[in-house]
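*Asks:* using only what follows, build the 3D model:
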Amino acid sequence: MLTTRQAVLARGDRRAWRIDPGYGPFAAARDQGDEALAALAELIRPGEQIWLVESEEWPAPPGLVTVRTAPLAQMVAEQPMPLQPGDDECVLLGEDDAAEMADLALATEPGPWRAQTRRYGQFYGVRRDGRLAAMAGMRMLPGDTYAEVSGVCTWPEYRGQGLAAMLIRQVMAGFTARGLTPFLHSYAGNTKAIGLYETLGFRTRREMVVTMLERG
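*Replies:* Reported below is the predicted structural model:
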């Protein structure tokens, strides 16, 4: 994503890259050699974290420490469930919704949320009694084929109403209209979420690991 369609968000060079910190903590290194690891370490400032999503745990460069690792399921929907009756309740979110989006994401922790995360791409929400009850949107655009569903979250009091499924279908419909295949990441232990994604057409593509690093 950082060398193709979202290169405008890239910080770094051919040895190591990270996303603009305003959008999130994700980073990647060319390899596990000394040069690439040193370049990776240069991209993180005191008090920040970087997250590497790879097929294996990533080593901490000198000066950084591993604060957490977690197994992930990378899932892809080659035949996503189409829109269903009632999905038009989803509304496109914008700048006026930024504060509510941040409150929801920071409270429910669907993944890292930063000041500019909502600007990755289109986010949709469902309102109940005027309140933003749930949302979902887009994050990574790797290469020319895939688009990532992200930021799927619902306030606890509105869960069990099918809002997440409704929103994911809406996000996926936007992807497929552009010829893109939806994918997403879930913590491997979140079996409830994985079960939902499977009903929407996702299958596990591969196992991944997220490594979270910060300065020691």
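*Asks:* what about residue 128, neighbour count?
*Replies:* 14 (other Cβ atoms under 10 Å). Any C-beta I mention is one placed from the backbone N, CA and C, and that applies to glycine too.
*Asks:* from residue 170, how far out is it?
*Replies:* 16 Å (Cβ to Cβ, to the nearest Å).
*Asks:* repeat that for residue 107.
*Replies:* Applying Cβ to Cβ to residue 107 and residue 170 gives a distance of 22 Å.
*Asks:* what does residue 65 give?
*Replies:* In terms of Cβ to Cβ, residue 65 sits 40 Å off from residue 170.
*Asks:* over to residue 194?
*Replies:* For residue 194, the distance to residue 170 - Cβ to Cβ - is 20 Å.
*Asks:* the two: which has the busier surroundings?
*Replies:* Counting neighbours by other Cβ under 10 Å for residue 194 and for residue 170 shows that residue 170 has the greater number, 23 against 17.
*Asks:* and that one, backbone torsions?
*Replies:* Dihedral pair for residue 170: phi -70, psi -40, per degrees, to the nearest 10.
*Asks:* now do the same contact list for it.
*Replies:* 83, 87, 90, 124, 136 (Cβ atoms under 8 Å, 6 or more residues apart in numbering).
*Asks:* which of those lies closest to residue 18?
*Replies:* residue 136 (24.4 Å; Cβ to Cβ).
*Asks:* beta partners for the closest one?
*Replies:* For residue 136, the beta-bridge partners are residue 124 (DSSP bridges).
*Asks:* what is the neighbour count of it?
*Replies:* Burial measure for residue 136: 29 neighbouring residues, criterion other Cβ under 10 Å.
*Asks:* need the pLDDT of it.
*Replies:* pLDDT, residue 136: 98.
*Asks:* so the residue nearest to the spatial centre of the chain, which state does it fall into?
*Replies:* Centroid-nearest residue in the chain, with Cα atoms, centre = their mean: residue 150, separated by 4.2 Å. Here residue 150 is strand, with the state taken from DSSP: H, G, I helix; E, B strand; the rest coil.
*Asks:* residue 165 is in what secondary structure piece?
*Replies:* According to DSSP states H and E, residue 165 maps onto helix 163-177.
*Asks:* and the next helix or strand after that helix, which strands flank it?
*Replies:* The helix or strand immediately downstream of helix 163-177 is strand 181-187, counting by DSSP H and E. With DSSP bridges as the test, strand 181-187 is paired with strand 64-76 (antiparallel), strand 146-154 (parallel).
*Asks:* give me the buried stretch members for strand 181-187, please.
*Replies:* 182-186 (16 or more other Cβ atoms under 10 Å).
*Asks:* what does stretch 44-53 give?
*Replies:* 44, 49-53.
*Asks:* do the same with stretch 127-137
*Replies:* Of the residues in stretch 127-137, those buried (16+ other Cβ under 10 Å) are 127, 132-137.
*Asks:* can you redo those residues as CSV with distance to residue 70?
*Replies:* Output for the buried residues of stretch 127-137, formatted as CSV (distance: Cβ to Cβ, whole Å):
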residue, distance to residue 70
127, 32
132, 27
133, 27
134, 24
135, 23
136, 21
137, 22
